[in-house]
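Asker: pasted the sequence and its predicted model underneath.
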Amino acid sequence: MSIKTKQYTIHEDWTVVILGFLIIGISLFIFLPEVPVFKWENATDLLNNVFDSENLQIIGLQSIYLISIGTIGAFLTGKSVKNFLFGFPIVYVLTVIALIIAGNTTIKGFNLEAVIFSLIIGLAIGNFFKLPEWFRSALATEVFVKIGLVILGTSVIFSDILKAGTLGLAQALVVVLSVWYFAFWLCKKLKVDDELTMMISSAVSICGVSAAIATSGAIKGDSKKLSYVISMVLVTAIPMMIFMPIIAKYFNFPEEVTGAWLGGSIDTSGAVVASGSLVGETALKISTIVKFSQNVLLGLAAFAISVYWTYTHNKSAEAVASKPTLGVIWERFPKFVIGFIAASLVFSFLLTPEVRDQVKDSLKNLQGIWFALAFTSIGLETNFKDLLSNNSKKPLYAFLIAQLFNVIITLIIAFLLFSK
């Protein structure tokens, strides 16, 4: 039986590329999954919108769709299909609870994303109840994250990059490079470990949660460290979202400058939109363009980080004797990055804007649910004491100092580029 399993085993990274494109292909040619409603303001909304029979049916169909994809993944990677079939529904129900909590308008106002509630729910259950080994083995955290990342590639459209404008792209490039290098240098000075250094540098400089997830995937990082970095990103985004518009108004910054400042320094897209809205229409438009310009650099950054990490952290005998060859780099290179770039190329050059608009909401929903499933799984397999005690305060100091540098350098560049 073990021989049979081995025969069908495919490397995890190639598996997620197959699954990601299977989802994309199904959405384009066969079946476009409906997007469930999770938005609610009060108990009446919750009953009439979220717990409406039609919406519950959409959630149920989505669970069947996801479990089918996940089962193929378990089979291809040689994991127990039986354990996955028993374990996944539990993870899905917990994730839906997180999505319902995050769907509340008050919670949305604080820009608390579903992944943070997925993580909290997972941590609460994983730390108060002893989970059976078969269930732990069914948690396909890495597969969930990487499927979400391949689908994320469908939203990186090259024509949109050009629409962002010369100034937006110029600011994004200068900010990303300068802040990334400063954060990297600072983490090295504070002797933060290499994995956290890469995740913190990317999260602060590029686009927060997505950048941290992509970097963790690219370097095959520890999921506990990833959850630690994402917690810092989401917690710091809240005061930045509230106080930066207040500071801008107090000092009478031009709206264009304020928008560029907000878009370039706040790490999550939701917080950028919320803070831009507090200032005005022009600030909202500029902040969105600048943030999007940073987001589109994610694919290039993931590719560069993958090559760098593979080249510098190869432990094979060949690498110890000399620098790794291209063959060794290819062997260790995270193949999901290729899936991300391929999805971006397909959606940029092979599909019409009408087709992209037709499928984008459904694919964005699927990307979000895979990320949320991953963080529920991370919480379930993480000991809360480990999450806190195994991380000294140095990564937190590094993150906060790098974020302060980000805020200052972005403001200077915003004045240079956007001040009339």
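Answerer: Done, it's in.
Asker: next structured bit after the lowest-mean-pLDDT helix or strand in the chain?
Answerer: In the chain, no helix or strand scores lower on mean pLDDT, DSSP states H and E than helix 2-8, which sits at a mean of 45. Per DSSP states H and E, helix 2-8 leads on to helix 12-25 as the next helix or strand towards the C-terminus.
Asker: name the residues that touch the helix or strand just after that following helix?
Answerer: For helix 12-25, the succeeding helix or strand toward the C-terminus, using DSSP H and E, is helix 43-45. Contact partners of helix 43-45, identified using Cβ atoms under 8 Å, 6 or more residues apart in numbering, comprise residue 39. No exception for glycine: its C-beta is placed from N, CA and C like everyone else's.
Asker: how about a cut-off of 10 Å?
Answerer: Helix 43-45 is contacted from outside by 37, 39, 51, 103, 104, 105, using Cβ atoms under 10 Å, 6 or more residues apart in numbering.
Asker: among these, the buried ones, what's the ChimeraX command?
Answerer: Command for ChimeraX, covering only those of the contacts of helix 43-45 found buried under the criterion 16 or more other Cβ atoms under 10 Å:
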select :37,103,104
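Asker: what's the closest of the contacts of helix 43-45 to residue 140?
Answerer: Residue 140 lies nearest to residue 103 out of these, by Cβ to Cβ, at 24.9 Å.
Asker: quick one: low-confidence ranges for the stretch 1-150 of the chain?
Answerer: 1-8, 111 (pLDDT under 70).
Asker: at the geometric centre of the chain, which residue do we find?
Answerer: Among the residues of the chain, the one closest to the centroid is residue 210, at 2.6 Å (Cα atoms, centre = their mean).
Asker: next, give phi and psi for the residue lying closest to residue 83 once chain neighbours are set aside.
Answerer: Leaving aside its chain neighbours, residue 83 sits nearest to residue 138 (4.1 Å; criterion: Cβ to Cβ, 6 or more residues apart in numbering). Taking degrees, to the nearest 10, you get phi -90, psi -10 for the backbone angles of residue 138.
Asker: check which helix or strand the residue nearest to the centre of the chain maps to.
Answerer: Assigned by DSSP H and E, residue 210 falls in helix 209-218.
Asker: next: residue 369.
Answerer: helix 353-380.
Asker: what are the buried residues along that helix?
Answerer: Quick answer for helix 353-380 (16+ other Cβ under 10 Å): 356, 359, 362-363, 365-380.
Asker: can you check stretch 230-248 too?
Answerer: Neighbour-count burial for stretch 230-248 flags 230, 231, 232, 233, 234, 236, 237, 240, 241, 244, 245, 248 (criterion: 16+ other Cβ under 10 Å).
Asker: distance of the residue nearest to the centre of the chain relative to residue 149?
Answerer: 8 Å (Cβ to Cβ, to the nearest Å).
Asker: what is in contact with these two at once?
Answerer: Here residue 210 and residue 149 share the contacting residues 298, 302, 367, 371, scored by Cβ under 10 Å, 6+ apart.
Asker: give me the neighbour count for residue 350.
Answerer: 8 (other Cβ atoms under 10 Å).
Asker: if you could redo that for residue 193, that was the one I meant.
Answerer: Burial of residue 193 is recorded as 14 neighbouring residues (other Cβ under 10 Å).
Asker: wouldn't it be in contact with residue 222 here?
Answerer: Yes. With contacts counted by Cβ atoms under 10 Å, residue 193 reaches residue 222, the gap being 9.2 Å.
Asker: whichever strand or helix holds residue 338 versus helix 209-218: what angle between them?
Answerer: In this assignment (DSSP H and E), residue 338 forms part of helix 336-345. Helix 336-345 runs at 130 degrees relative to helix 209-218, counting by axes from the mean of the first three to the mean of the last three Cα atoms, to 10 degrees.
Asker: i'd like the first residue to be 55 from this point on
Answerer: All right, first residue 55 from here; so that's helix 390-399.
Asker: flag every buried residue along helix 390-399.
Answerer: Within helix 390-399, the residues that count as buried by 16+ other Cβ under 10 Å are 390, 391, 392, 393, 394, 395, 396, 397, 398.
Asker: pick the one among those closest to residue 468.
Answerer: For the buried residues of helix 390-399, the nearest to residue 468 is residue 398 (27.5 Å; Cβ to Cβ).
Asker: quick one, what contacts that closest one?
Answerer: Counted by Cβ under 10 Å, 6+ apart, residue 398 has contacts 204, 206, 207, 208, 209, 210, 211, 212, 215, 350, 352, 353.
Asker: now with 7 Å, please.
Answerer: Contact partners of residue 398, counting by Cβ atoms under 7 Å, 6 or more residues apart in numbering, are 207, 210, 353.
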